[in-house]
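Colleague: Prediction below, plus the sequence it came from.
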Amino acid sequence: MRIGELARFAHCDVETVRFYEREGLLDEPARETNGYRSYTAVHAAQLNFIRHCRSLGIGLADIRMLRRFQADPSQPCDEVNELIDSQIERIHQQIESMRVLEQQLRTLRESCHAHQSSSAECGIMRSLEQPMDDESCSCHGDGHVAEGESPAGDAPSLHRH
């Protein structure tokens, strides 16, 4: 099958297939005489495995490791269990970061009173105009920046592809 057929089968974009191939997660397909890639049922199974892992938030490096276990099923699964335990811990950390972020947004929301006539008087806008570590910032006034965020204002990273 060609790349478009594989992508449709896996419910993803052609670029996603190419990306996983470039990353070495999907085995390189044979080439037809005209240069087109020729994918097989094995590639479809690999792509399904990769996409299933990604749906669980598993990163590319960890998928590489899982693919090695897939290629050699005689290996003990201790490392697979450790990898999943690490993923669970990352999820717990992300949940906590999201709770902190939610509280900061609730605090920010409480700084606005609906009776203001313009955004110039809005407590939310005033707070957002302050440096994050400034005492006058209602959501970060204690100097706390959300976990995973730099003081320069970069958003917390939740990886996905």
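Modeller: Okay, I see it.

Colleague: Give me the below-cutoff pLDDT ranges for the protein.
Modeller: Low-confidence segments of the chain, defined by pLDDT under 70, span residues 114-117, 134-138, 140-161.

Colleague: Phi and psi next, for residue 39.
Modeller: Dihedral pair for residue 39: phi -90, psi 160, per degrees, to the nearest 10.

Colleague: Spit out the contact partners of it.
Modeller: Counting by Cβ atoms under 8 Å, 6 or more residues apart in numbering, residue 39 touches 1-3, 5-6, 29. From N, CA and C alone the C-beta is placed, and that goes for glycine too.

Colleague: Now secondary structure and distance to residue 107 too, for those, in TSV please.
Modeller: As requested, the contacts of residue 39 are exported to TSV (DSSP: H, G, I helix; E, B strand; the rest coil; distance: Cβ to Cβ, whole Å):
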residue	secondary structure	distance to residue 107
1	coil	53
2	coil	53
3	helix	49
5	helix	51
6	helix	48
29	coil	53
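
Colleague: My guess is residue 70 contacts residue 49. True?
Modeller: Yes - here residue 70 reaches residue 49: they are 6.6 Å apart, a contact under Cβ atoms under 8 Å.
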